[in-house]
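> only geometry, no sequence info:
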Ligand code: CP
């Protein structure tokens, strides 16, 4: 039984297969490969992109999808997460796609060995489908990513997108630089910078991140306008540099990225979302059909 808790669960061959399948699905929509499959989505945290993207991906491949809304489920009557999961598995789905605030939850559910578990975002630990779609978006633009340099900018310490991305991008031979004010900087052996200006002449990609306010136990900055003066990706700061601009969403406009840059051709935020469906189709094919 193959799970996807983080991209470390995938071999190089499997990652290559996901990227190739996603590219093929983007060129031409495939037949209903998962016609007889049923997936359950179980999101204990809000989501716009990941949940709908997995559901669209599953439906594009002919699978049925059932969503359980935890805020209206029997977890509200005290049923444990493990019992909730076991009861869903008793209905014999082919996979459960789970998002949770705890880093360990997807791996603990996978350890119950009931159905394939797909991590749709866990705490600040991992968001593997986001890392794969970011990889796909960069590969589509650059081809070979070996030696390419990416600056990850913003609330890195609280970001599961950054955690998974750092593991995957370095594995793929990219150089990762971290740019953040001290409270947002994780412990890491990677090169660290406080100022964006120190890296902009030496990177191919900038990935901007939102301040993960929901994970801050107390306010870190009183004024995100002041933060934006140093970290917002705007046209004045980026100039004419040939840099690919990524953001996993949701974007805090004019704090993470300016309105003007969001409509600049170098900004691939909506292309990331578009690619996310093809990448998640490829992930579902790998886990439910090929493994
Ligand atoms: N990128 C991402 O995880 O977005 P959502 O929280 O909307 O799913």
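Here it is on my side, so go on. A quick note: this is a predicted structure, and the numbers were derived from the prediction, not measured. Numbers count the residues shown, from 1 in each chain.
> Point me to the residue of the stretch 151-291 of the chain nearest the ligand.
Proximity of the stretch 151-291 of the chain to the ligand (CB to the nearest ligand atom) peaks at residue 248, 3.8 Å away. Placement of C-beta: from N, CA and C, glycine included.
> quick one: that residue and residue 134 touch, right?
Yes: look at residue 248 against residue 134 with CB atoms under 8 Å: they come within range, at 7.2 Å.
> Give the buried residues for the strand or helix carrying residue 118.
Following DSSP states H and E, one finds residue 118 within strand 117-122. Neighbour-count burial for strand 117-122 flags 117, 118, 119, 120, 121, 122 (criterion: 16 or more other CB atoms under 10 Å).
> so the residue of the stretch 151-291 of the chain closest to the ligand sits in a helix?
No: using DSSP: H, G, I helix; E, B strand; the rest coil, the assignment for residue 248 is coil, not a helix.
> sorry, back to before: output the contacting helices and strands for the strand holding residue 118.
When contacts are defined as 3 or more CB pairs under 8 Å, 6 or more residues apart in numbering; DSSP states H and E, strand 117-122 packs onto helix 49-60, strand 95-100, helix 105-110, helix 128-142.
> Could you tell me the angle between it and strand 95-100?
With axes from the mean of the first three to the mean of the last three CA atoms, to 10 degrees as the basis, strand 117-122 and strand 95-100 are set at 20 degrees to each other.
> show me where this protein has helices.
For the chain, the helices defined by DSSP state H cover 12-27, 49-60, 81-89, 105-110, 128-142, 160-171, 224-231, 235-238, 259-262, 269-285.
> Can you lay out those helices as CSV showing distance to residue 180, mean neighbour count and mean pLDDT?
Listed next are the helices of the chain as CSV, based on distance: least, CB to CB, whole Å; neighbours: other CB atoms under 10 Å; pLDDT from 0 to 100:
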stretch, distance to residue 180, mean neighbour count, mean pLDDT
helix 12-27, 27, 16, 98
helix 49-60, 23, 21, 98
helix 81-89, 32, 16, 97
helix 105-110, 26, 22, 98
helix 128-142, 18, 23, 98
helix 160-171, 9, 22, 98
helix 224-231, 8, 16, 92
helix 235-238, 15, 14, 96
helix 259-262, 19, 16, 98
helix 269-285, 20, 23, 98
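> Residue 70: which of these is closest?
Closest of the helices of the chain to residue 70 is helix 81-89, at 7.8 Å (criterion: CB to CB).
> what separates the residue of the chain positioned farthest from its centre from residue 142, distance-wise?
Ranked by distance from the centre of the chain (CA atoms, centre = their mean), the top residue is residue 77, with 31.1 Å. As defined by CB to CB, to the nearest Å, residue 77 lies at a distance of 51 Å from residue 142.
> From the ligand, how far out is the residue nearest the centre of the chain?
Nearest residue to the geometric centre of the chain (CA atoms, centre = their mean): residue 130, 2.1 Å. Residue 130 sits 5 Å away from the ligand, going by CB to the nearest ligand atom, to the nearest Å.
> Can you name the residues that contact that residue?
Residues near residue 130 by CB atoms under 8 Å, 6 or more residues apart in numbering: 50, 121, 160, 161, 164, 165, 248, 276.
> Looking at these, which is nearest residue 257?
residue 248 (11.7 Å).
> Show the contacting residues for the closest one.
For residue 248, the contacting residues are 49, 127, 130, 134, 161, 207, 209, 210, 272, by CB under 8 Å, 6+ apart.
> Mind doing that once more with 7 Å?
130, 161 (CB atoms under 7 Å, 6 or more residues apart in numbering).
> circling back: using JSON lines, lay out the helices of the chain together with distance to residue 69.
Output for the helices of the chain, formatted as JSON lines (distance: least, CB to CB, whole Å):
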{"stretch": "helix 12-27", "distance to residue 69": "29"}
{"stretch": "helix 49-60", "distance to residue 69": "11"}
{"stretch": "helix 81-89", "distance to residue 69": "12"}
{"stretch": "helix 105-110", "distance to residue 69": "17"}
{"stretch": "helix 128-142", "distance to residue 69": "20"}
{"stretch": "helix 160-171", "distance to residue 69": "22"}
{"stretch": "helix 224-231", "distance to residue 69": "30"}
{"stretch": "helix 235-238", "distance to residue 69": "40"}
{"stretch": "helix 259-262", "distance to residue 69": "31"}
{"stretch": "helix 269-285", "distance to residue 69": "20"}
